[in-house]
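J.: 3D, please:
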Amino acid sequence: MSFCRFVYIYIYIYIYTLFSVSFAAEKIKHHISYPLVLGATGVLITITLLAVGINARRRCLKDSNTRKRDLRAEGLQTVCFTWRQLQDATNNFDQANKLGEGGFGSVFKGELSDGTIIAVKQLSSKSCQGNREFVNEIGMISGLNHPNLVKLYGCCVEKNHLMLVYEYMENNSLALVLSGKSSMKLDWKARQKICVGIARGLEFLHEGSMITMVHRDIKTPNVLLDADLNAKISDFGLARLHEEEHTHISTKVAGTM
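T.: Residues are numbered from 1 along each chain as shown. Next up is the predicted model:
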């Protein structure tokens with residue numbers, strides 16, 4: 001018998017006993033004191049909340065275990081960070097460390113215990129309906145390594161947390177620079193370098209990698225710049241795979257504005 005079922009049976013017996021005592025007291029013209037009733041009600045509420053909490057925790061653990069099994073099935077070869085590690089690295093996800101928020105979730109700057117600066121992307125519940133989207137993103141990008149793609153360091157699938165850990169880009173995004181909100185100014189040589197970098201990154205995704213894919217959401221916020229103004233493409237993990245069994249033309253809009 002599961003623990004939750006045992007709790008439900010206990011609650012039923014408890015309520016039945018309480019009403020039986022109340023009925024007996026009425027028959028002998030006695031009244032149950034208010035403190036007794038309030039105390040019994042408090043115990044009942046506590047037991048109910050405990051049962052609900054345990055049930056919710058079990059569901060979260062089940063989802064986490066499912067994600068881990070899916071990741072192993074994908075042949076994932078990357079670091080699995082713990083929630084505590086990323087919480088410490090980002091100072092409990094302090095808003096002062098928030099780099100931005102994209103279509104897949106918020107991104108925070110962090111520093112690991114060895115001094116490595118990282119960018120932690122918290123995937124929102126809206127961007128991950130179940131496990132498959134998260135597993136797809138991890139599975140596809142874990143094996144991709146190119147100078148013009150943002151490098152994935154690892155992930156976190158602990159409890160109900162879905163997070164990706166990337167290398168940190170010192171100069172943020174191309175969108176920030178072009179908007180004038182950054183103090184950085186790009187001369188024509190730097191602009192040419194960025195354009196060539198984007199082209200090389202896309203060429204690798206389209207033709208050079210073992211798993212060819214299209215980004216479908218290439219835009220300036222998804223082009224990040226490192227300290228040397230090398231362009232690196234991000235958010236390509238949910239790109240569509242070129243699979244033989246999916247060669248039909250899709251009319252669904254996949255990008256964001």
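J.: C-terminal to the helix or strand hosting residue 138, what's the next element?
T.: Of the helices and strands defined by DSSP states H and E, residue 138 is found in helix 132-141. Downstream of helix 132-141, the next assigned helix or strand under DSSP H and E is strand 152-156.
J.: Only alpha carbons, please: show that following strand as PDB.
T.: Extracted C-alpha coordinates of strand 152-156, given in PDB (Å, rounded to 0.1, in the frame of the first residue of the first chain):
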ATOM      1  CA  LEU A 152      27.500  24.200 -23.800                       C
ATOM      2  CA  TYR A 153      29.200  23.300 -20.500                       C
ATOM      3  CA  GLY A 154      26.400  21.200 -19.000                       C
ATOM      4  CA  CYS A 155      22.900  21.100 -17.600                       C
ATOM      5  CA  CYS A 156      20.800  20.700 -14.500                       C
END
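J.: Helix or strand next in line after it, which one?
T.: Scanning forward in sequence from strand 152-156 by DSSP H and E, the next helix or strand is strand 163-167.
J.: what residues does that following strand touch?
T.: The contact list for strand 163-167, computed with CB atoms under 8 Å, 6 or more residues apart in numbering, reads 79, 81, 86, 118-123, 137-138, 150-156, 234, 237. C-beta here means a position set from N, CA and C on the backbone, and glycine is covered the same way.
J.: Stretch 89-100 now?
T.: In contact with stretch 89-100 (CB under 8 Å, 6+ apart) are residues 87, 106-113, 118-120, 122, 172-173, 221.
J.: That stretch: which residues count as buried?
T.: Of the residues in stretch 89-100, 89, 90, 93, 97, 99 count as buried by neighbour count, 16 or more other CB atoms under 10 Å.
J.: can you check stretch 166-177 too?
T.: Applying 16+ other CB under 10 Å to stretch 166-177 flags 166, 167, 168, 169, 171, 172, 173, 174, 175, 176, 177 as buried.
J.: Which one of these is nearest to residue 196?
T.: For the buried residues of stretch 166-177, the residue nearest residue 196 by CB to CB is residue 174; the value is 13.3 Å.
J.: how near is the closest one to residue 205?
T.: According to CB to CB, to the nearest Å, residue 174 and residue 205 sit 17 Å apart.
J.: Next: residue 180.
T.: From residue 180 to residue 205 the distance is 30 Å (CB to CB).
J.: So if I had to pick from those two, which one is more boxed in?
T.: Shown here are residue 180 and residue 205; by other CB atoms under 10 Å, residue 205 has more neighbours (23 against 9).
J.: so where is the stretch 51-200 of the chain shaky, pLDDT-wise?
T.: 51-78, 102-104, 124-137, 139-140, 159 (pLDDT under 70).
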